[in-house]
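Visitor: Sequence first, then the predicted structure:
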Amino acid sequence: MESKAITVPQSGGRLDKVLSEELSESRSFVQKLCASGMVTLNGIKLKKNHVLSGGEILSVVLPDPLNTDALPEEIPLDVVYEDDDVIVINKPKGMVVHPAAGHYEGTLVNALLAHCGSSLSGIGGKIRPGIVHRIDKDTSGLLIAAKNDKAHIALSSQLADRSLSRTYDAVVYGNISEDGTVSAPIGRSAKDRKKMAVTEKGRNAVTHYCAVSSSGGFSHIKCKLETGRTHQIRVHMASIGHPVAGDTVYGPKKDSTGLCGQCLHASKLRFIHPSTGEAVELSCPLPDYFTEFLRKHGLI
């Protein structure tokens, strides 16, 4: 069992609806939690139709997932760098990083377990062994995993102090001819709790971008992250009127690009090696789907 403290959004609302959005679970799942007495406020069990005013802190006890162990799967990996401490993968578009509801197989973790055996840090638990950071399912590119706890702690610290640097290539809607920076806090959307948004109550987030080329209603840009918020580039670029091409969550709902997901690729990674203390800089080429889109729209 796992206990979570959930802060109710200021907008409040019916308990089962609010919790469904906050936990990204179905309302029927939340209703079963309420019926089992797993949702309380100040020690008082709440019914599914309890109306929340906003700002309350709920205690929610979640049952253990049915699948608590990620299993090894022989899935080919594009290994860019590997030693006794770390492994860096060029993740393909469409691959989920770690098991979650609806994705218990075919993830990067399943592949890493087969490739590395027991040589992955245990800090992330049985579902996220070795995983220090993640990138979205439909984002391709470089991702680093730790092969021991010492490396995991060191890399996590670098994420926190921003010495672990990540650069992304993206194609966005509209014309961008000058470099710029988006500095805007990101948090859960008040309108749709499954989405992120620029909001005053969010966490600090900074994205630097530079223009590469523009043509046919699209621009090729490079983005460097100072922070690592969920969907950061996608949210920030959409907030200034340039959503990532193919992103139907933060961009046009009807996708006419044929990309089947956002055109976003983690192309460069720089970190301080946890054992040697030396800087490691890695890069990987743009994938075929990306270069084909650039060529199609006259961006190269």
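Guide: That came through, no problem. Numbers count the residues shown, from 1 in each chain.
Visitor: Only C-alpha atoms from now on, for both contacts and neighbour counts.
Guide: OK.
Visitor: Show me the shaky parts of the stretch 51-200 of the chain.
Guide: 64-68, 101-102 (pLDDT under 70).
Visitor: Okay, strands next: where are they in it?
Guide: 51-52, 57-62, 79-82, 86-91, 140-146, 165-173, 180-183, 186-188, 196-198 (DSSP state E, counting those that start in this stretch).
Visitor: Remind me what the fourth one packs against, helices and strands.
Guide: In this case it means strand 86-91. Counting contacts by 3 or more C-alpha pairs under 8 Å, 6 or more residues apart in numbering; DSSP states H and E, strand 86-91 packs against strand 79-82, strand 140-146.
Visitor: what angle sits between that strand and strand 140-146?
Guide: 160 degrees (axes from the mean of the first three to the mean of the last three C-alpha atoms, to 10 degrees).
Visitor: chain center to strand 86-91: distance?
Guide: Between the centre of strand 86-91 and the centre of its chain there are 16 Å (C-alpha atoms, centre = their mean, to the nearest Å).
Visitor: Neighbouring strands of that strand in the sheet, and parallel or not?
Guide: strand 79-82 (antiparallel), strand 140-146 (antiparallel) (DSSP bridges).
Visitor: As CSV, could you dump the C-alpha coordinates of the first one?
Guide: Pointing back at strand 79-82 there. Taking Å, rounded to 0.1, in the frame of the first residue of the first chain, the C-alpha atoms of strand 79-82 are listed here in CSV:
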residue,chain,number,x,y,z
VAL,A,79,23.5,2.5,-26.8
VAL,A,80,25.4,5.7,-27.3
TYR,A,81,27.6,5.4,-24.2
GLU,A,82,28.1,2.8,-21.5
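Visitor: What residues sit buried inside that strand?
Guide: Within strand 79-82, the residues that count as buried by 16 or more other C-alpha atoms under 10 Å are residue 80.
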